[in-house]
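J.: Fold the following, please.
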Amino acid sequence: MNTCPLCLSVQNELLHTNSRGDKYLENYVCDNCGFIYTYPRISNDEIDNLYLKGEFSMDARKSYKPDLAKFIQTETWALERLHILEQKLPDFFSTKKKCLEIGSGASSFLWLLKSRGHLVKGIEPDTNFVNVAIDRYDIDVDTLLFDENYKSEPLDFICNFHVIEHVLDPRIFVKNMYSILKDDGLIYIECPTIDDIYTKSLDTFFWDVHVNTFSNVSLAWLLESEGFLINDLFMHRGFVGVIATKGTELKYAPDSKERVLNLIKEFYKTNSKIQIKLSLKKRVVGMLKRILDKI
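T.: Sure, this is the predicted structure:
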C-alpha cells in the first residue's frame, strides 16, 4: 500500500514521474505531512546490490573506490563541516568524544575528528570503497547497513551526510540513532531539501536512489517526534543541516502539502525566468557574432 513513511497516511498526490538519467520514478507528496517519497519502494535485494555490492559507488561516486581527486574533494567538504560544528558548538569537542559516522564513504570526516583526538568509527556498506579509506586513514569501519541490529556502546556524537534520503524507513533510522546516543550526545545530519532545489529541473533533482525528499520542516519534525531537540537548522552548499540533542521541546509541526507545492511552483517561476534570460542572451550573442562576421 502507498503509505507515507513518516506519518503512515495513505492520502497522497502524485507529484512527479521523471528523475535523473531520464528514468521513470513516481514521487508522491503526502496530504497529511507534506513529505515527498517514492513509491513503489525499492526492494531489499535492490538495496543490497546498490550499497553492499558497489552499484551506488559506481553510479554516484563514479568509481568502485576513491582516488586522490575524490579524497581531496571529501577532505574539503569534511573540513567545512567540522568548521561549522566548531563555530556553532565551540565547547562540545573540547573533551574526547566517541563518534560514529553512518555512511562514512571515504571516511574523511572521521579522519579529521580522529586528528582532533576523538575516538571514531564508521559504517559504510561498500567493502571496496571502505578498504581504500582504511588504508589511507587507519580508521575502524564496519562494512554493513545501519539498522536496528547494530550494537554499540553509548555514543557522544553520531553524524550522517547524504544518507537519510536513501533509507527505506527514515523513522526507524532516527530511532536507531537515538537508542545508541548518550543523553547529552549530539547528532548532525545533512541531506537535500525541497526548500532548495539545487538543479535546474525536478527531472534531475529527483533521483531513483533518493527514496525520500525532505523539506527543512519535515526533517526537523521527524527528529522532534522521535525525542530530539533541534539545536540548529541551517543551509550549507544548498543542503539542509540539522544539529540536535535529546530533548522534548517541540518547535516544529508537520509540514504542509500546500507549502511544499508552493515551493515547487516558485521554483518553476524563477527557473523559467532564468531560462528566458539565458535564451535572450544567447540570441543577442549570436546576432552580434553574425554582425561582426560581416564587418
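J.: residues touching residue 120, list them.
T.: 99-101, 110-111, 113-114, 139-140 (Cβ atoms under 8 Å, 6 or more residues apart in numbering). C-beta coordinates here come from the backbone N, C-alpha and C atoms, glycine included.
J.: rerun at 7 Å
T.: Contacts here follow Cβ atoms under 7 Å, 6 or more residues apart in numbering; on that basis residue 120 touches 99, 110, 113-114, 139.
J.: Looking at these, which is nearest residue 40?
T.: residue 110 (34.6 Å; Cβ to Cβ).
J.: So what's the residue count around the closest one?
T.: Residue 110 has 26 neighbours, counted by other Cβ atoms under 10 Å.
J.: any idea which helix or strand carries it?
T.: In this assignment (DSSP states H and E), residue 110 forms part of helix 108-115.
J.: Strand partners (parallel or antiparallel) of the next helix or strand after that helix?
T.: Tracing the chain past helix 108-115, the next element assigned as helix or strand by DSSP H and E is strand 119-123. Its sheet considered, strand 119-123 pairs with strand 98-102 (parallel), strand 141-142 (parallel) by DSSP bridges.
J.: Just want the angle from the longest one to helix 108-115.
T.: Angle of strand 98-102 versus helix 108-115, following axes from the mean of the first three to the mean of the last three Cα atoms, to 10 degrees, is 170 degrees.
J.: mind checking how far strand 98-102 is from the chain centre?
T.: Per Cα atoms, centre = their mean, to the nearest Å, the displacement of strand 98-102 from the mean C-alpha position of its chain is 16 Å.
J.: Tell me which residues are up against that strand.
T.: In contact with strand 98-102 (Cβ under 7 Å, 6+ apart) are residues 109-110, 113, 118-123, 146, 152-153, 155-160, 163.
J.: What subset of the residues you listed is buried?
T.: For the contacts of strand 98-102, a neighbour count by 16 or more other Cβ atoms under 10 Å gives the buried set as 109-110, 113, 118-123, 146, 155-160, 163.
J.: Break down the stretch 151-295 of the chain into its strands, ranges please.
T.: All strands of the stretch 151-295 of the chain, identified by DSSP state E, counting those that start in this stretch, fall at 155-161, 181-191, 212-213, 228-236, 239-246.
J.: And these: which comes nearest residue 19?
T.: Nearest of these (Cβ to Cβ): strand 212-213, 10.8 Å.
J.: roughly how far is that closest one from the heart of the chain?
T.: The mean C-alpha position of strand 212-213 is separated from the chain mean by 9 Å, Cα atoms, centre = their mean.
J.: Mind listing residues that contact it?
T.: When contacts are defined by Cβ under 7 Å, 6+ apart, strand 212-213 is touched by residues 5, 27, 36-37, 164-165, 167, 170, 192, 194.
J.: The closest residue to residue 36 other than its chain neighbours: how many residues sit nearby?
T.: Of all residues beyond its chain neighbours, the one nearest residue 36 is residue 213 (3.8 Å), with distances taken as Cβ to Cβ, 6 or more residues apart in numbering. Neighbour count of residue 213, defined by other Cβ under 10 Å: 25.
J.: With residue 253 instead?
T.: Around residue 253 there are 11 other residues, counting by other Cβ under 10 Å.
J.: Residue 259 versus that one, what's the distance?
T.: Taking Cβ to Cβ, to the nearest Å as the measure, residue 253 falls 11 Å from residue 259.
J.: Quick one: the helices in the stretch 51-200 of the chain, in order.
T.: 55-60, 68-88, 108-115, 127-137, 170-180 (DSSP state H, counting those that start in this stretch).
J.: what packs against the last one?
T.: The contact analysis (3 or more Cβ pairs under 7 Å, 6 or more residues apart in numbering; DSSP states H and E) places helix 170-180 against helix 216-225.
J.: Show me the contact partners of the helix it packs on.
T.: By Cβ under 7 Å, 6+ apart, helix 216-225 touches 6, 33-35, 170-171, 174, 191, 193, 195, 230, 233, 240, 242, 244, 250-255.
J.: export that helix as CSV, just CAs?
T.: As requested, C-alpha coordinates have been extracted for helix 216-225 and formatted as CSV (Å, rounded to 0.1, in the frame of the first residue of the first chain):
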residue,chain,number,x,y,z
ASN,A,216,13.6,21.7,6.2
VAL,A,217,10.4,21.3,8.2
SER,A,218,9.8,17.6,7.7
LEU,A,219,13.3,16.7,8.7
ALA,A,220,13.1,18.8,11.9
TRP,A,221,9.6,17.4,12.7
LEU,A,222,10.8,13.8,12.3
LEU,A,223,13.7,14.3,14.7
GLU,A,224,11.5,16.1,17.3
SER,A,225,8.8,13.4,17.0
